[in-house]
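S.K.: coordinates for the following, if possible.
(one chain, ligands or ions: 3)
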Amino acid sequence: MQILTTATGLQAYTEQARQTGKRVGLVPTMGALHAGHLQLVQAARTDCDEVIVSLFVNPTQFNNAEDFRLYPRVPEADAVLLEPAGCTALFVPSVAEMYPLPTVLRFDFGALEQVMEGAHRPGHFNGVATVVSKLFHLARPHRAYFGQKDWQQVAVIRQLVADLSFDLEIVACPTIREADGLAMSSRNLRLDAAARAAAPLLHRVLTEAAAQVRDGVMPAQVRAAAEAALAQEPLVTPEYFEVADAQTLQPLAQYVTGRNVVLCLAAHLGGVRLIDNVVVAA
Ligand SMILES: Nc1ncnc2c1ncn2[C@@H]1O[C@H](COP(=O)(O)OP(=O)(O)OP(=O)(O)O)[C@@H](O)[C@H]1O
Ligand SMILES: CC(C)(CO)[C@@H](O)C(=O)[O-]
Ligand code: BAL
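M.R.: Ligands and ions are numbered 1, 2, ... in the order given. Predicted coordinates:
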């Protein structure tokens with residue numbers, strides 16, 4: 001596995017791969033890797049000859065300085081996991097390498113970012129779109145792999161690819177969970193024992209809400225029941241719970257036959273902010 005730290009090094013590596021007819025897969029991450037990330041690497045390995053994993057805690061997508069400061073960083077452990085998973089090159093740039101000048105770029109994803117993560121984390125998707133665009137330009141992958149745990153992020157990135165005509169395919173992979181249902185997340189490392197014990201509630205609430213959607217319970221009642229269930233646990237401070245159209249991400253007042261519904265939530269547990277979602281056919 002090659003370790004690349006410069007933008008020009010990444011460009012040269014993937015250009016060489018393309019010229020020799022290889023298919024290039026890109027897996028963007030912020031590190032502190034777990035089975036959710038490794039699944040993306042394995043999917044890329046199945047489809048592609050070269051698997052580039054980027055590991056960069058991107059400052060421009062953090063709206064909360066403390067969250068950025070405390071974000072888990074374990075690059076040596078990450079590198080150990082990546083090679084056996086099939087990564088052929090690891091891109092670990094510095095902030096100065098990715099942002100030689102303070103970025104002034106501004107994206108506007110309209111309604112897609114006016115809800116949920118976009119509404120609650122001002123500037124978040126601008127930072128994601130900025131860094132993902134840079135990675136796409138530098139690596140020029142044939143395919144790029146993202147997790148459905150960040151459902152809204154996948155929608156924003158698909159829009160980015162369409163708007164900027166990036167010549168690549170986005171592959172969205174399912175959410176990998178712990179045995180008790182908690183979605184794997186790098187931030188889980190920051191949960192203390194009590195918060196970790198309370199955390200499976202998030203997925204339980206989503207599962208119960210999904211059953212209600214299948215039973216035809218109206219969105220407002222599903223939302224109210226989920227909020228009430230979350231409020232039962234003193235260690236959980238809910239931020240939002242949405243019943244939304246899975247494609248447009250707009251909150252639903254009623255279901256539309258043939259369109260999938262996504263149930264999304266964000267909640268704080270002992271100072272750690274987690275998100276999760278499930279998709280249901282209404
Ligand atoms: N449990 C998971 N299952 C599937 N994909 C995941 C999972 N967790 C993260 N991913 C995906 O891995 C990629 C990198 O995510 P990231 O490095 O932010 O990890 P993370 O675990 O989501 O961290 P955090 O949620 O704490 O930011 C993203 O495309 C993300 O959706
Ligand atoms: C896509 C990404 C690596 C961009 O920094 C990040 O938002 C993430 O880890 O999901
Ligand atoms: N997985 C999304 C990255 C973030 O929380 O900033």
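S.K.: contact residues of the stretch 151-282 of the chain facing ligand 2?
M.R.: Residues of the stretch 151-282 of the chain lying close to ligand 2 (Cβ under 6 Å from any ligand atom) are residue 153. To be clear about C-beta, it is placed using only N, CA and C from the backbone, and glycine gets the same treatment.
S.K.: secondary structure class for the residue nearest the centre of the chain?
M.R.: In the chain, the residue lying closest to the centroid (Cα atoms, centre = their mean) is residue 150, at 3.5 Å. For residue 150, the assignment made with DSSP: H, G, I helix; E, B strand; the rest coil gives helix.
S.K.: what residues are up against the closest residue to it other than its chain neighbours?
M.R.: Nearest non-adjacent residue to residue 150, counting by Cβ to Cβ, 6 or more residues apart in numbering: residue 275, 7.3 Å away. Counting by Cβ atoms under 8 Å, 6 or more residues apart in numbering, residue 275 touches 117, 149, 150, 183, 185, 264, 265, 266.
S.K.: likewise residue 185?
M.R.: Neighbours of residue 185 in contact, by Cβ under 8 Å, 6+ apart: 34, 36, 149, 274, 275.
S.K.: separate out the buried members of those.
M.R.: 34, 36, 149, 274, 275 (16 or more other Cβ atoms under 10 Å).
S.K.: find me the pLDDT at the nearest residue to the first one once chain neighbours are set aside, would you?
M.R.: The shortest distance from residue 34 to any non-neighbouring residue, by Cβ to Cβ, 6+ apart, is to residue 184 (4.5 Å). Per-residue confidence at residue 184 stands at 98 (pLDDT).
S.K.: separation between residue 184 and ligand 2?
M.R.: Distance, residue 184 to ligand 2, using Cβ to the nearest ligand atom, to the nearest Å: 12 Å.
S.K.: isn't that residue right next to residue 174, touching?
M.R.: No: contact criterion Cβ atoms under 8 Å: residue 184 and residue 174 do not qualify, at 11.4 Å.
S.K.: of these two, who's got more company?
M.R.: Using other Cβ atoms under 10 Å, the more surrounded residue of residue 184 and residue 174 is residue 184, with 18 against 12.
S.K.: quick one: what helix or strand has the closest residue in space to residue 269 that isn't next to it in sequence in it?
M.R.: Nearest-residue entry for residue 269: residue 195, 4.0 Å, with adjacent residues in sequence omitted and distances by Cβ to Cβ, 6+ apart. Assigned by DSSP states H and E, residue 195 belongs to helix 193-198.
S.K.: which residues touch that helix?
M.R.: By Cβ under 8 Å, 6+ apart, helix 193-198 touches 182, 188, 233, 235, 236, 269, 270, 272.
S.K.: and the one helix or strand the residue nearest to residue 150 maps to, which strands flank it?
M.R.: Residue 275 is located in strand 272-281, with elements delineated by DSSP H and E. Paired with strand 272-281 in the same sheet, following DSSP bridges, are strand 260-269 (antiparallel).
S.K.: strands of the stretch 1-150 of the chain, residue ranges please.
M.R.: Secondary structure of the stretch 1-150 of the chain, counting by DSSP state E, counting those that start in this stretch: strands at 2-4, 24-29, 50-55, 89-91, 143-147.
S.K.: now do the fourth one: which elements does it pack against?
M.R.: Using 3 or more Cβ pairs under 8 Å, 6 or more residues apart in numbering; DSSP states H and E as the contact test, the elements touching strand 89-91 are strand 2-4, helix 7-19, strand 50-55, helix 75-85, helix 124-139.
S.K.: can you list the domains in the protein?
M.R.: With domains defined by automatic domain parsing, the chain comprises 2-173, 186-280.
S.K.: those: which one's closest to ligand 3?
M.R.: Ligand 3 lies closest, by Cβ to the nearest ligand atom, to one member of the domains of the chain: domain 2-173, at 4.7 Å.
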